[in-house]
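In: here is the input, now give the coordinates:
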Amino acid sequence: IAETVGRTAPVVTIVSSLPNAVVNQTVTFTATVKPASGTVLPTGSVTFTLTTGGTVLCPAVAISNVTGIATCSFAFSAAASPGSTITATYSGDSNFSGLAATTAAAEVVAATSTTTALTSSPSPSAVNQSVAFTATVTPAFVGAAKPTGSVVFADTSTSTTLCTVTLNNGIVPVCNFTFTTSGSNNVVATYTSGDANFTGSVSPADVQGVGAGAVTIVLTSLPSPSLVKQPVTFTATITTNNGATVPQGTMTYTDTSTSTTLCTVTLTVSGNVPACPAAFATAGTHTISAAFTSSNSNFSNGSSNVLSQPVTATSTTTTLSSFPAASGVNQSVAFTAVVTPGFTGTAKPSGTVVFTDTSTSTVLCSKALVGGVVPVCNFTFLSAGTNNVTATYTSGDSNFTGSVSGVDAQVVGLTPTTATVVSSVPSAAVNQ
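Out: Model (predicted):
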């Protein structure tokens with residue numbers, strides 16, 4: 001008798017290790033294929049498929065010939081809520097027919113939680129110094145799905161938004177920010193997810209201390225060297241880290257060689273330093289410095305380089321006049337000399353002026369200056385003729401150079417005379 005034995009339908013079941021999973025979390029699906037009765041176990045494979053859309057999670061997984069079990073480990077890259085179903089389809093063999101699981105496994109995939117961390121560099125920083133804030137968004141489970149969305153960097157101490165950046169393939173771009181005032185700033189990074197796959201998160205506060213900005217001061221002068229009483233302009237240039245905030249305060253210019261304050265000026269609202277005009281009353285090398293005093297906590301105080309300002313003697317011009325311009329023998333003549341410095345100021349010429357008749361090498365007078373003024377030289381010529389008179393100034397200190405006047409030609413003429421005749425005998429006789 002010929003007996004035909006057909007294939008038997010097995011019993012196929014599927015269960016999930018995590019019916020409630022999150023994105024990127026690995027879930028293991030276990031399919032069991034067993035005979036409805038008897039001891040012969042099915043062979044072959046099981047294909048695990050997402051019911052919605054028909055996406056194959058694991059193709060043709062071999063069944064254990066001992067247990068009749070096939071497993072599929074899979075991490076979902078997108079949230080599925082309220083859920084999806086996964087089915088296991090048995091391939092069949094010579095004894096058992098192919099068959100899908102009678103009941104699909106229900107799977108809910110929720111958003112994965114995230115953790116946001118924040119760092120800064122440099123920390124601490126200074127006013128006007130750029131600070132790089134770096135945020136990292138890390139999912140609880142890392143996998144094919146990458147966080148999307150944006151991160152807002154905010155200073156919670158001033159309610160100021162520093163940056164808003166968009167994630168790129170899960171990476172948060174760096175936020176570069178410059179603080180314009182000193183102080184302590186509590187910065188946080190807030191991640192907002194751009195899809196349903198990840199939850200948002202907020203970083204702990206990054207305390208960014210911002211200290212006073214350093215200043216650099218360069219001092220120059222013009223002209224250099226200079227002369228006694230010559231106007232000199234001192235210019236201080238202050239530089240800081242470039243930024244929106246500029247230094248405010250005062251700049252004091254000091255002659256440290258004499259402990260003399262030359263100027264104290266107030267910086268403009270744009271941070272520029274007014275120049276200091278000065279003139280020195282004495283010759284020598286003067287050492288000048290400029291000191292900045294900040295009016296707020298945004299910048300530190302600072303001092304310039306020490307500048308050497310050589311000051312040399314000022315030239316003089318001596319002029320000479322006489323009155324009367326033409327005189328006679330025995331007539332007194334007033335010679336007036338004026339010593340004029342090349343630059344006038346508080347310092348007055350000192351020393352002497354010698355009035356000389358160069359035609360006879362005769363010194364007419366020697367006069368000491370009083371308060372820069374030359375006393376008049378009164379002289380009487382005793383013979384007629386032309387006398388070439390000069391005034392020679394010799395400085396009494398190192399502040400002024402000497403000088404010689406031009407020649408004053410003093411013409412001395414004959415003095416008029418009166419002749420009188422007197423008779424010893426107004427009434428005389430013949431032959432007396």
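In: could you tell me how many residues sit around Phe48?
Out: 26 (other C-beta atoms under 10 Å). Yep, even glycine has a C-beta here, placed from its N, CA and C like the rest.
In: where does it land on pLDDT?
Out: With respect to pLDDT, Phe48 has a value of 97.
In: name the element it belongs to?
Out: In the assignment (DSSP states H and E), Phe48 maps to strand 45-50.
In: which neighbouring elements make contact with that strand?
Out: strand 26-34, strand 56-62, strand 69-75, strand 80-90 (3 or more C-beta pairs under 8 Å, 6 or more residues apart in numbering; DSSP states H and E).
In: buried stuff in that strand?
Out: 45-50 (16 or more other C-beta atoms under 10 Å).
In: then stretch 336-348 to CSV, C-alphas only?
Out: Output in CSV follows, covering the C-alpha atoms of stretch 336-348 (Å, rounded to 0.1, in the frame of the first residue of the first chain):
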residue,chain,number,x,y,z
THR,A,336,69.9,148.8,25.8
ALA,A,337,70.4,145.1,25.1
VAL,A,338,67.5,142.5,24.9
VAL,A,339,68.1,138.8,25.2
THR,A,340,65.3,136.8,23.6
PRO,A,341,65.1,133.0,23.9
GLY,A,342,64.1,130.8,21.0
PHE,A,343,61.2,129.6,23.1
THR,A,344,59.6,131.7,25.8
GLY,A,345,58.2,130.3,29.1
THR,A,346,58.7,130.3,32.8
ALA,A,347,62.4,129.9,32.6
LYS,A,348,64.2,133.3,32.2
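In: contacts made by it with the rest, please.
Out: For stretch 336-348, the external contacting residues (C-beta atoms under 8 Å, 6 or more residues apart in numbering) are 227-231, 279, 281-282, 314-323, 349, 353, 355, 367, 369, 371-372, 374, 376-377, 391, 393, 399-400, 403, 405.
In: residues in contact with the closest residue to Ser91 other than its chain neighbours?
Out: Ranked by C-beta to C-beta, 6 or more residues apart in numbering and with sequence neighbours excluded, the top spatial neighbour of Ser91 is Gly44, at 4.3 Å. Neighbouring residues of Gly44 by C-beta under 8 Å, 6+ apart: 33, 62-63, 90-93, 96, 98.
In: identify the residue nearest the geometric centre of this structure.
Out: Taking C-alpha atoms, centre = their mean, the centroid of the chain lies closest to Asn241, which sits 1.4 Å from it.
In: sec struct for that residue, please.
Out: Of the three states, Asn241 takes coil according to DSSP: H, G, I helix; E, B strand; the rest coil.
In: need the contact list for it.
Out: Asn241 makes contact with 126-129, 213-214, according to C-beta under 8 Å, 6+ apart.
In: then Ser97?
Out: Counting by C-beta under 8 Å, 6+ apart, the residues that Ser97 touches are 7-10.
In: got a quick ChimeraX command for the buried subset of those?
Out: The ChimeraX selection below is limited to those of the contacts of Ser97 classed as buried (16+ other C-beta under 10 Å):
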select :10
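In: want to try CSV for the contacts of Ser97, with secondary structure, pLDDT and distance to Tyr253 as columns?
Out: As requested, the contacts of Ser97 are arranged in CSV below (DSSP: H, G, I helix; E, B strand; the rest coil; pLDDT from 0 to 100; distance: C-beta to C-beta, whole Å):
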residue, secondary structure, pLDDT, distance to Tyr253
Arg7, coil, 87, 107
Thr8, strand, 91, 108
Ala9, coil, 92, 105
Pro10, coil, 94, 101
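In: could the contacts of Ser97 go into a markdown table alongside distance to Gln410?
Out: Output for the contacts of Ser97, formatted as a markdown table (distance: C-beta to C-beta, whole Å):
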| residue | distance to Gln410 |
| --- | --- |
| Arg7 | 154 |
| Thr8 | 156 |
| Ala9 | 152 |
| Pro10 | 149 |
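In: which helix or strand contains Gly271?
Out: Applying DSSP H and E, one finds Gly271 in no helix or strand.
In: on the pLDDT front, check it for me.
Out: Gly271 is given a pLDDT of 91.
In: does it touch Gly243 like I think?
Out: No - here Gly271 lies out of contact with Gly243, judged by C-beta atoms under 8 Å, at a distance of 10.6 Å.
In: quick one: terminal-to-terminal distance for stretch 75-84?
Out: 13 Å (C-alpha to C-alpha, to the nearest Å).
In: quick check: mean pLDDT across it?
Out: Stretch 75-84 carries an average pLDDT of 85.
In: would you mark the buried spots in it?
Out: By neighbour count on 16+ other C-beta under 10 Å, the buried set for stretch 75-84 is 75-76, 79-80, 84.
In: contacts for it, please.
Out: Residues outside stretch 75-84 that contact it (C-beta under 8 Å, 6+ apart) are 21-27, 50-52, 106-111, 141, 143-145, 196-197.
In: if you set the cut-off to 10 Å instead, what comes out?
Out: Stretch 75-84 has contacts (C-beta atoms under 10 Å, 6 or more residues apart in numbering) with 19-27, 50-53, 55, 57, 104-112, 141-146, 195-198.
In: the residue nearest to Ser91 and Leu99: what is the separation?
Out: Gly44 sits 11 Å away from Leu99, taking C-beta to C-beta, to the nearest Å as the criterion.
In: same deal with Thr156?
Out: 61 Å.
In: name every strand pairing with the lowest-mean-pLDDT helix or strand in the chain and say which way it goes.
Out: For the chain, the helix or strand with the lowest mean confidence is strand 80-90, at a mean of 87 (criterion: mean pLDDT, DSSP states H and E). Strand pairing for strand 80-90, determined by DSSP bridges: strand 45-50 (antiparallel), strand 99-100 (antiparallel), strand 105-110 (antiparallel).
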